[in-house]
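>>> 3D model of this:
(2 chains)
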Amino acid sequence: MSRRVVAILGILLVAGLLLSACAVPAAPAGEAPAAAEGESEAAAAPEEASWWTEAAAPYAGVTIRGVSESTPPSRYAQEVLAPMFTEQTGINVEFEVTSWDEMYNKAIKDMEANTGIYDFVYIEQDIIYTYLAQNFLADLTTMMADDSSLVAPDFDTSKFTSFIDNFKDPTTGDLFGVPMEAFIKVYLYRTDLFNDPDIQAAFKEQYGYDLAPATTHQQYWDIAEFFTKYGEENDMDLWGTTVQGHSGHASSTYEYFETIAPTFGVYNWGVNLDTWKACVDNGGEMNSDTAKEALSWWLGLLQYAPPEATSSTWDEVAASFAAGRAAQGFVYGENAAWIATDADRSSVVGNVGVAMPPLSEGVMADAESGAGYVGYYDGGAFGIPHSSKNKEAALLWLEFVGQESVQADWAAAGSRIVMNSTFDDPLIQEMNTKVDDYYAKMKEWGPLFRGAPPFPFHNTLRGAIDPFIWKAIAGEITPEEALDGACAAAEETMMQLGYGE
Amino acid sequence: MRSNRTGWGLLSPTLLILIIIGLLPFLYVLVVGFFDWNVFSATGRPSWAGANNYRRLVFDSDFLFSLRRTFAFTGIAVGIEMVLGFLLASTLVQDFPGKAVFRTIHALPLLVAPIAVGATWRLLTIPGLGLVPFYLDRWFGFDYRTGSYATHAFVTTVFMDVWHWTPFVTLTMLAGLSSLPREPMEQALVDGANRAQVLRFLTIPMMMPVIVTTLFIRLMDALRIVDEVYLLTGGGPGLSTHYVGIYIWRAVLPRTDYGYGSAMSLLVLYLTIVLAWLLFIVLSRVGRQQS
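Coordinates of the predicted model:
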């Protein structure tokens, strides 16, 4: 009897596994419509499709492998664009999306050891200077100049925003990466809370001014304090702010140096790019009074952040905000669209406001003159490792994702824009109204934000600084001790690497 | 002479594999440890550093701290696993209803990859969202935060390791206990010895080879723990769970400081060998005295 039961259960299990294996994989929530539209658009361009088929004929059947960070734009490229590319070219794409740390490890090891495992890699804006210094990447300009049969009719570098300049060699102007994502790290706030008349009245009574998105650090602090108390008093899972304060992950170092410090007027991580010095005594700013004030302010916000803040990287910050656990926060723009529109993943749909980060006096003037910036302009490109064994096929893939025709759907799915025309696309215009003009603001404010400083040793420097920020988050050392120690470690590291005497 | 040649011939594939996957990487790490080599340096090439990397690590307070934390973690986690594993094995060696089911369930953590263990425990313990902090707060009003409090993070890594590896100890001890002869125990009981005396003077001495082997395996594994803890805490808060494996990993991979990373790896290997040797001597003496 029991054997029969086991046999039946076994058959049911096998049948279940077979059925699930045969099922059509569901597209990620919020991306399915975009995928369908993208496919219909691609199908409506038979001329272009035939060009891809013809150009890719010598490489049909080839498999190109790539690695990228698991972000909404990368997942869209993996799930939507790669199958479209394979359908039109016969070139298979094995696209690995993984964690940020793992992505770097894999890409750098492959290029350094010259193994040729990957044919395209994600190049974040902050690492491009390091890769160029080590000659890790293939020169796309030269490749296209050498073989005109590989230049797609819909690929035009002049159509990209100025973000593409990050991926050009500063001396030759040659292109080394095709931008696939670009976004600004914005200040998000809950419009339902900020516009509630009762809350507005209570806030004004307590602080003496109207509740509105903060324009100064003091206002941001007040709002964080107010909503944390409001959450406690009303027995709500609500806190005043998010903090990307993982006490053992690089994301906390990035939040402080790239998002918080610039709003106080400390740029380029406080490193003097002419002398490669970081301490005030040597001409740097990493441990300046302003930098210490900025770090104290940011660490102080932890008391008004949800308990997961000290375990939060960029992903958890977006998830916390989407779960309605914070009234305001600094969130990477790639998450803005889904937080504001995807009801399956976000509980604050329709209640998301986008604003400029709060700034110290003089920072806006610095940003407008080009002497400084107001926050982080993040993004990345796909590039071809010098070690790739399928460079031509990989170049076709890069051009495919760099076509104007695929940009709008991609932007809607991943809140990223790399081409000027995408801002005016009807789909983006429509999305724009749902995300509190995020796309329009990105276009308008973009020049005021900036990517990481052009360090040719980005990861090594950050790795030297990380422990000081983590110890400060854990309360093991004061913000002052953290930045004094960080600047000394940064200088020692730069000298070991042969930069700065 | 002929049989000697045949023996070497039969051994040669194993020796070849050992040389390729064991000896050559070791020699490579040994050599790299004497160079300053960072792929992101101005030259990108290695330069001779002599013993500088070894001198550097002696004065690296963070490294020494992580070494101390690693020994504390290893001592506590492996100690608990050995005791718990032995007790469970002593229970499982006897017959009771549902024994097979319990043994299967108990062994399941062994099937889970360390990286998945770390991810699962992170989901369980992440402050504000995980089940563990939620129920600790609801039932006991305990504010449990692995991202903020060093002790909470440390204890959680110990718990995770105990959960993951106690079944391994149980299974090896169970194999050992099952193979012990029953006659000496029965005779001792007949002669008036109680169960504690049988355990102390017969079972443990006879089990000593199994205990020592299991202890060494667990010791070496715990000393080089990386993936589970990295997923769970990232080595934080601060450097509280920055065990030496994570410290080396961060030096070698994100920072690409290959020379220094190699020097640290060799020191840890050396310390592991010394520790294992000392333990072997101590346990052998204890075993001899008891028998």
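
>>> ok, now which ones touch the nearest residue to A:Ala107 once chain neighbours are set aside?
Leaving out its chain neighbours, the residue that sits closest to A:Ala107 by C-beta to C-beta, 6 or more residues apart in numbering or on different chains is A:Val121, at 4.2 Å. Backbone N, C-alpha and C define where each C-beta goes, glycine included. Counting by C-beta atoms under 8 Å, 6 or more residues apart in numbering or on different chains, A:Val121 touches A:Gly66, A:Val67, A:Ser68, A:Ala107, A:Asp110, A:Met111, A:Phe382, A:Gly383, A:Ile384, A:Pro385.

>>> element containing A:Val121?
According to DSSP states H and E, A:Val121 maps onto strand A:120-124.

>>> who's in contact with residue 156?
You didn't say which chain, so I picked chain A. For A:Asp156, the contact set (C-beta under 8 Å, 6+ apart) comprises A:Glu404.

>>> Hmm, no, I was thinking of chain B.
Shown in contact with B:Thr156 (C-beta under 8 Å, 6+ apart): B:Trp121, B:Thr125, B:Thr146, B:Leu232, B:Thr233.

>>> beta partners for A:Val354?
Here A:Val354 sits in beta bridges with A:Leu188, going by DSSP bridges.

>>> pLDDT wise, what is it at?
With respect to pLDDT, A:Val354 has a value of 96.

>>> Burial check on it, number of neighbours?
By the criterion of other C-beta atoms under 10 Å in any protein chain shown, A:Val354 has 24 neighbours.

>>> where are the low-confidence patches of the chain?
Picking chain A for this. For chain A, the stretches flagged by pLDDT under 70 are A:1-49.

>>> Correction: the question concerned chain B.
In chain B, residues with pLDDT under 70: B:1-2, B:287, B:290-291.

>>> Now do the strands in it.
With DSSP state E, the ranges of strands along chain B come out as B:35-36, B:47-48.

>>> These: which one's closest to A:Tyr76?
Minimum separation from A:Tyr76 across these (C-beta to C-beta) falls at strand B:35-36, 42.3 Å.

>>> For that closest one, report the contacting residues that lie outside it.
Defining contact as C-beta under 8 Å, 6+ apart, one finds that strand B:35-36 is touched by A:Gln496, B:Pro46, B:Ser47, B:Trp48, B:Ala49, B:Asn52, B:Asn53, B:Tyr258, B:Gly259.

>>> wait, isn't B:Val112 in contact with B:His164?
Yes - in this structure, B:Val112 is within contact of B:His164 by C-beta atoms under 8 Å, at 7.3 Å.

>>> could you list every residue that touches the residue positioned nearest the centre of chain B?
Residue closest to the mean C-alpha point of chain B, counted by C-alpha atoms, centre = their mean, is B:Ala222 at 1.9 Å. Counting by C-beta under 8 Å, 6+ apart, B:Ala222 touches B:Phe73, B:Thr74, B:Ala77, B:Val78, B:Asp161, B:Trp165.

>>> which one of the residues you listed sits closest to chain A?
B:Phe73 (14.9 Å; C-beta to the nearest C-beta).

>>> returning to that earlier point: can you redo the contacts of B:Thr156 as a markdown table with distance to A:Met286 and neighbour count?
Listed next are the contacts of B:Thr156 as a markdown table, based on distance: C-beta to C-beta, whole Å; neighbours: other C-beta atoms under 10 Å in any protein chain shown:
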| residue | distance to A:Met286 | neighbour count |
| --- | --- | --- |
| B:Trp121 | 35 | 25 |
| B:Thr125 | 34 | 25 |
| B:Thr146 | 29 | 32 |
| B:Leu232 | 30 | 27 |
| B:Thr233 | 26 | 32 |
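
>>> from those, which are also near chain A?
Near chain A, judged by C-beta under 8 Å from any C-beta of the partner chain, the entries from the contacts of B:Thr156 are B:Thr146, B:Thr233.

>>> Return the member of the contacts of B:Thr156 nearest to chain A.
Taking C-beta to the nearest C-beta as the measure, chain A lies nearest B:Thr233 of the contacts of B:Thr156, at 5.4 Å.

>>> Those residues of chain B touching chain A, which are they?
Neighbours of chain A within chain B, by C-beta under 8 Å from any C-beta: B:36, B:38-44, B:62, B:122, B:126-129, B:133, B:143, B:145-148, B:150, B:233-242, B:250-251, B:253-257.

>>> Give me the buried entries from those residues.
Neighbour-count burial (16 or more other C-beta atoms under 10 Å in any protein chain shown) applied to the residues of chain B next to chain A gives B:36, B:38-41, B:44, B:122, B:126-129, B:133, B:145-148, B:150, B:233-242, B:250-251, B:253-257.

>>> what about stretch A:375-385, distance to the chain center?
8 Å (C-alpha atoms, centre = their mean, to the nearest Å).

>>> circling back to that earlier point, show me which of the contacts of A:Val121 is closest to chain B.
Using C-beta to the nearest C-beta, A:Met111 comes nearest to chain B of the contacts of A:Val121, at 9.3 Å.

>>> Could you say which helix or strand holds that closest one?
With DSSP H and E as the criterion, the answer for A:Met111 is helix A:100-113.

>>> Need the winner for burial among the strands of chain B.
When you average the neighbours per residue for each of the strands of chain B (mean count of other C-beta atoms under 10 Å in any protein chain shown), strand B:35-36 leads with a mean of 21.

>>> Run the chain-centre distance for it.
30 Å.

>>> Paired strands for that strand, with orientation please.
Here, using DSSP bridges, strand B:35-36 pairs with strand B:47-48 (antiparallel).

>>> Give me the number of neighbouring residues for A:Asn282.
A:Asn282: 14 neighbours (other C-beta under 10 Å).
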